[in-house]
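J.: the following block contains a protein sequence and its predicted model.
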Amino acid sequence: MGRFREMNSFVAVVEAGSFVAAGEVLRLSKAAVSRSVIELETRLGARLLQRTTRRLSLTEAGRAYYGHCKQILAELEEADRAVGVVSGNPVGRLRINAPYSFGILHLAPLWGGFIAKYPDVELDISLSDRLVDVVDEGFDVVIRISRLQDSTLVHRRLASTRLLICASPEYLAQHGMPASVEDIARHRVIAYSYAAQGDVWRFTTPQGEQEVQTKPHVRTNNGDTCRALALAHQGLVKQPDFLVGNDLAQGRLVEVLPECLVGEIDVYAVYPSRKHLSVKIRVLIDYLAEAFERPGWAWQGGASHGGGRQACTEPARP
């Protein structure tokens, strides 16, 4: 058990880049992780990590030992997986990453039910809006809300979400409701930093594809911040209905140019490989797919449900 603890701590430090970050991953104190690595180096009689005030790096001995440790820990994980396959009982740790807002609003309420159903699975959940590397960062499952560009990733579609332009009634009362795509260029915009098209907003109209170059006065890498600023009457936002659908339903926000299609993106579960898919990953993905079979966030207004509404217009002629 002592050797396993030492190896696990050593690998976590190497992959996390610091003793503090490794402690967060392992749910141990920095002192406990540091003690394990020191004990390992003492037992081996070799320095594995070169420590400076700014960074950690592997020594030559450390690089060799790290490779062996990774293989041993992977084989232990595979042994646990094999037991799960034979017993039909998912066991072990699942490292999951998800976008921040979606993780809080729509995943957090599901975890209790999953744990109750699969009590031998340990969840390690991190939230981040940046694009994480599934393999290099060691995640078992990553939830992505995007148009997947990398065809090498193994994925399963869980749901879809519509992008909407919206603002508060108070903002629109003061600045006017945009009557055309071009009108948006004259409005205050709260921009989401990770948006695929940057500051260009694209629309599908009966006249074809149209786009407008926005001039944001606020930028943020978090959708909740965009939403909060919109609710504070600070401008237009382009956000998915999983985030703003309830505000639209309650009248706190109003959809802008509802007859125009802004876009639809999918929610995916992404995982490293279809080969040797562990029971714990399979049951998690099945659980999420069932939970999102009929997503509760879908906004019932706008272009998808507009029926006989007037088409998205061209700008008025003088």
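T.: Okay, I see it. Numbers count the residues shown, from 1 in each chain.
J.: use CA for all of it now, contacts and neighbours both
T.: Noted.
J.: show the pLDDT at residue 24.
T.: Looking at residue 24, its pLDDT stands at 88.
J.: next: residue 204.
T.: Reading off the per-residue confidence, residue 204 sits at a pLDDT of 89.
J.: and it, that's in a helix?
T.: No. Residue state for residue 204 (DSSP: H, G, I helix; E, B strand; the rest coil) corresponds to strand; a helix is not indicated.
J.: burial measure for the closest residue to residue 20 other than its chain neighbours, as a count.
T.: Ranked by C-alpha to C-alpha, 6 or more residues apart in numbering and with sequence neighbours excluded, the top spatial neighbour of residue 20 is residue 30, at 5.1 Å. Other residues within reach of residue 30 by the criterion other C-alpha atoms under 10 Å amount to 16.
J.: repeat for residue 247
T.: 17.
J.: pretty sure it contacts residue 253?
T.: Yes. Judged on C-alpha atoms under 8 Å, residue 247 makes contact with residue 253 at a distance of 5.4 Å.
J.: before we move on, back to that, what's near enough to touch the residue nearest to residue 20?
T.: Residue 30 makes contact with 19, 20, 22, 23, according to C-alpha atoms under 8 Å, 6 or more residues apart in numbering.
J.: which of those residues fall in helices?
T.: When helices are assigned by DSSP state H, the members of these inside them are 19, 20, 22, 23.
J.: isn't the last one up against residue 29?
T.: Yes. With contact defined as C-alpha under 8 Å, residue 23 counts as touching residue 29 (5.3 Å).
J.: which one of those two has more residues nearby?
T.: The neighbour comparison of residue 23 against residue 29 (other C-alpha under 10 Å) goes to residue 23, with 20 against 15.
J.: so what's the residue count around the residue nearest to residue 3 when sequence neighbours are not counted?
T.: For residue 3, the nearest residue in space outside its immediate sequence neighbours is residue 40; the separation is 7.7 Å by C-alpha to C-alpha, 6+ apart. Using other C-alpha under 10 Å as the criterion, residue 40 is surrounded by 21 other residues.
J.: doesn't residue 40 fall inside a helix?
T.: Yes. Checked against three-state DSSP, residue 40 lies within a helix.
J.: residue contacts, it?
T.: Applying C-alpha under 8 Å, 6+ apart, we find residue 40 in contact with 3, 6, 7.
J.: just the ones of these in strands?
T.: Secondary structure defined by DSSP state E assigns none of these to strands.
J.: tell me the least confident of the residues you listed?
T.: Looking at pLDDT alone, the contacts of residue 40 dip lowest at residue 3, where the score is 85.
J.: where does residue 155 sit: helix, strand or coil?
T.: Classification of residue 155 into helix, strand or coil gives strand, according to three-state DSSP.
J.: which residue, neighbours along the chain excluded, lies closest to it?
T.: Skipping the residues right next to it in sequence, residue 155 comes nearest to residue 270 by C-alpha to C-alpha, 6+ apart, at 4.3 Å.
J.: got it, and residue 36?
T.: In this structure, residue 36 finds its nearest non-sequential neighbour in residue 6, 5.0 Å apart by C-alpha to C-alpha, 6+ apart.
J.: thinking the one you found is in contact with residue 43, fair?
T.: No. Between residue 6 and residue 43 there is no contact under C-alpha under 8 Å: 10.1 Å.
J.: the two: who's more crowded?
T.: Between residue 6 and residue 43, counted using other C-alpha under 10 Å, residue 6 has the larger neighbour count: 21 against 10.
J.: for residue 108, phi and psi?
T.: phi -50, psi -40 (degrees, to the nearest 10).
J.: and for it, the neighbour number?
T.: Close neighbours of residue 108, defined as other C-alpha under 10 Å, add up to 11.
J.: same check, this time on residue 133
T.: Residue crowding around residue 133 was assessed by other C-alpha under 10 Å; the count is 11.
J.: coming back round to it: residues contacting the residue nearest to residue 155?
T.: Taking C-alpha under 8 Å, 6+ apart as the criterion, residue 270 is in contact with 134, 141, 142, 143, 144, 153, 154, 155, 156.
J.: pretty sure it is in a helix, no?
T.: No. Applying three-state DSSP, one finds residue 270 to be strand, outside a helix.
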